[in-house]
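Novice: Give me the fold of what follows.
(2 chains)
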Amino acid sequence: MTNWTDQRIEMAVGRLLQTGVVLAATVVTIGAAIYLVRHAWEPVGYGVFHGEPAEYRTVPGILHGVATLSGRGYIQLGLLLLIATPVARVAFSVWAFAAEKDKMYVGITLFVLAVLLYSLFGSGSAF
Amino acid sequence: MNILEFTVLVAAGSFVAGLLGSLTGLGGGVVLVPLLTLFFKVDIRYAIGASLVSVIATSSGAAAAYVREGFSNIRIGMFLEIATTLGALLGAFMAAFIPTKGLAIIFGLMLLYSAYLSRRPRPRAARNLPPDALATRLRMNGEFPSEEGGMRHYNVQSVPTGFGLMFGAGALSGLLGIGSGAVKVLAMDQAMKIPFKVSTTTSNFMIGVTAAASAGIYFNRGYIDPGLSMPVMLGVLAGSLVGVRILVKAETKVLRIVFAVVIAFLGLQMLYTGITGRI
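Specialist: Residues are numbered from 1 along each chain as shown, chains lettered A, B, ... in the order given. Okay, the predicted model is just below:
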C-alpha cells in the first residue's frame, strides 16, 4: 500500500468530484438537447405543484426513459449522477481512512455514508 | 412563455446567480430560489429542489480547485458532516409539512440575516490557542500554508458548539435548498476558531455532502423537475466556474456590497409575498 497522506487523498477526492460533475453535466446536456428539440414550443407550467410522476423520480422509471431516449429521462439520470458524486466521495474517504489505519475516522465516515444512503434509498420509493 | 424561452431565461439568470455567488463567496443558491419564485412564478418546492441540485454542482465543481491549495481539513469536514447530514435529513422532512407561505417567510429572514452577516466586520482571529482535549482526541488540529510563508499550526476549539451550529446549518440547507455556507463558515471560523481560509474551503467541501443528504429525499418525493433543474444546474455551474476563473483578478469589495443589497431586497420581497400569502 502506498503512503496516503492527507494531501494526496484530497487531490484524489478533488479529481473524483470534478469527474462526477463533468459526467453529470454531459448527461444533462444530452437530455436537454432531446427535450428542447421535442418540446421547445410547448407552454410552461411550474406555478402549480403536482410532484414528479414515478417516471422521473424512480430509478426503474428513469432507466426506462433513458432506454426510450426520453430527454427528461436523461436529465434525471444526470441529476442522479450529480447527487451520487458526493456520496462516492464519502465512500472513497472510508477507504482512504482505512488505508491510513485511522479506525475512528473510518467509523465516522461510515456513519455519514449510512445517512446519505438512507436519504437516497431508504426515504422513499427510488427503487 | 414557451419551454424554449423559459429555459434560456432561467439558464441566463442562473448563470448570473452562479457568477455573483462565486465572486462574492456568498453562494448562488440564496438568490436562485427568490429569482425562480418571484420572477418566474415557479412553485417554491420546485425552486428549492432545483437549487439543491445546483448547490451540489458548484460545491463539487469548485472542490478540485480548492484542494490543490491545501487549506481544507478533511477530518474536521467529515466529523462535522455527521451534524450537517442529520440536520439536512430533518430539514428535508420538515419541508414537506411547512406550508409554502411559511417557507417563503423563513427564506426571507434567512436572506436578511445573510445580508447582515456579509456586511459585519469579522473580528480578527485569535492565534496560538491552547489545544482543546476533545479536538485533540478527534485529531482536528492541523496546519496550513500561511501568507507569511511556511506552515501555520492551529488548534481547534469548542467542538460541541460548532457541531450544534452545523446541525442548524444542515437543517436550513435541507429546508431551503441552499448551501448555508455562511452559517458553516460562522461555526468554524467564529466558534471553533479555525483559520478563515481553512473554514471557507472546508465549508465548500461539506456543502456538497450536506446537499446530497437532502437531495435524495427531494428526488424521491418528486420535487426535482427535469425541465426546471436542467437550466438551473447548467447555468449556475457555468457561472460559478467562470467566477472562480476571474476571482483572482477582480476587486470584489464593491461587488460584495451590491450583492448584499440585492440579497436584502430579495429577503424583504420574500417576506412580503410570504406574509401576504401570494405564493
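
Novice: Report pLDDT for residue B:172.
Specialist: On pLDDT, residue B:172 comes in at 93.

Novice: now do residue A:125
Specialist: The per-residue pLDDT of residue A:125 was computed as 49.

Novice: now residue B:251
Specialist: Confidence score, pLDDT, at residue B:251: 63.

Novice: same deal with residue B:247?
Specialist: Reported pLDDT for residue B:247: 64.

Novice: And the average pLDDT for the helix ranked longest in chain A is what?
Specialist: The longest helix of chain A (DSSP state H) is helix A:6-39. Helix A:6-39 carries an average pLDDT of 88.

Novice: what about the spatially closest residue to residue A:9 that is not a sequence neighbour, neighbour count?
Specialist: Spatial nearest neighbour of residue A:9, chain neighbours left out: residue A:96 (4.5 Å); criterion: C-beta to C-beta, 6 or more residues apart in numbering or on different chains. (C-beta placed from N, C-alpha, C; glycine too.) Residue A:96 is flanked by 21 other residues according to other C-beta atoms under 10 Å in any protein chain shown.

Novice: got a list of what the residue nearest to the spatial centre of chain B touches?
Specialist: By C-alpha atoms, centre = their mean, chain B has its centre lying nearest to residue B:179, at 2.6 Å. Counting by C-beta atoms under 8 Å, 6 or more residues apart in numbering or on different chains, residue B:179 touches B:27, B:29, B:55, B:58-59, B:173, B:207, B:210-211.

Novice: mind redoing it with 7 Å?
Specialist: The contact partners of residue B:179, by C-beta atoms under 7 Å, 6 or more residues apart in numbering or on different chains, come to B:27, B:29, B:55, B:59, B:173, B:207, B:211.

Novice: What is the subsequent helix or strand relative to the longest helix of chain A?
Specialist: Remark: after helix A:6-39, the chain's next helix or strand is helix A:59-67, criterion DSSP states H and E.

Novice: and the angle from the helix or strand that comes right after that next one to helix A:6-39?
Specialist: Going down the chain from helix A:59-67, the next helix or strand is helix A:71-99, by DSSP H and E. Relative orientation of helix A:71-99 versus helix A:6-39 (axes from the mean of the first three to the mean of the last three C-alpha atoms, to 10 degrees): 170 degrees.

Novice: Against which helices or strands is helix A:71-99 packed?
Specialist: helix A:6-39, helix A:59-67, helix A:103-117, helix B:44-67, helix B:196-221, helix B:226-247 (3 or more C-beta pairs under 7 Å, 6 or more residues apart in numbering or on different chains; DSSP states H and E).

Novice: 10 Å - rerun?
Specialist: Helix A:71-99 sits against helix A:6-39, helix A:59-67, helix A:103-117, helix B:44-67, helix B:74-95, helix B:196-221, helix B:226-247, with contacts defined as 3 or more C-beta pairs under 10 Å, 6 or more residues apart in numbering or on different chains; DSSP states H and E.

Novice: Tell me which of those helices lies nearest to residue B:137.
Specialist: helix A:103-117 (8.5 Å; C-beta to C-beta).

Novice: If you count neighbours, what's buried in the closest one?
Specialist: A:105-106, A:108-109, A:111-113, A:115-117 (16 or more other C-beta atoms under 10 Å in any protein chain shown).

Novice: ok, and which of those residues reach chain B?
Specialist: A:105, A:108-109, A:111-113, A:115-117 (C-beta under 10 Å from any C-beta of the partner chain).

Novice: Output the set of residues of the stretch 151-279 of chain B in proximity to chain A.
Specialist: Close to chain A, as judged by C-beta under 10 Å from any C-beta, the stretch 151-279 of chain B has residues B:174, B:201, B:205-231, B:233-234, B:237-238, B:241.

Novice: switch to 8 Å and redo it
Specialist: B:208-209, B:211-217, B:219-231, B:233-234, B:237 (C-beta under 8 Å from any C-beta of the partner chain).

Novice: Of the helices and strands packed on helix A:71-99, which is nearest residue B:131?
Specialist: helix B:74-95 (14.3 Å).

Novice: list the contacts for the residue lying farthest from the centre of chain A?
Specialist: Relative to the mean C-alpha coordinate of chain A, counting by C-alpha atoms, centre = their mean, the farthest residue is residue A:41 (29.9 Å). By C-beta under 8 Å, 6+ apart, the contact set of residue A:41 is B:2-4.

Novice: Can you check those residues and name whichever has the most neighbours?
Specialist: Using other C-beta under 10 Å as the neighbour test, the contacts of residue A:41 are led by residue B:3, with 18 neighbours.
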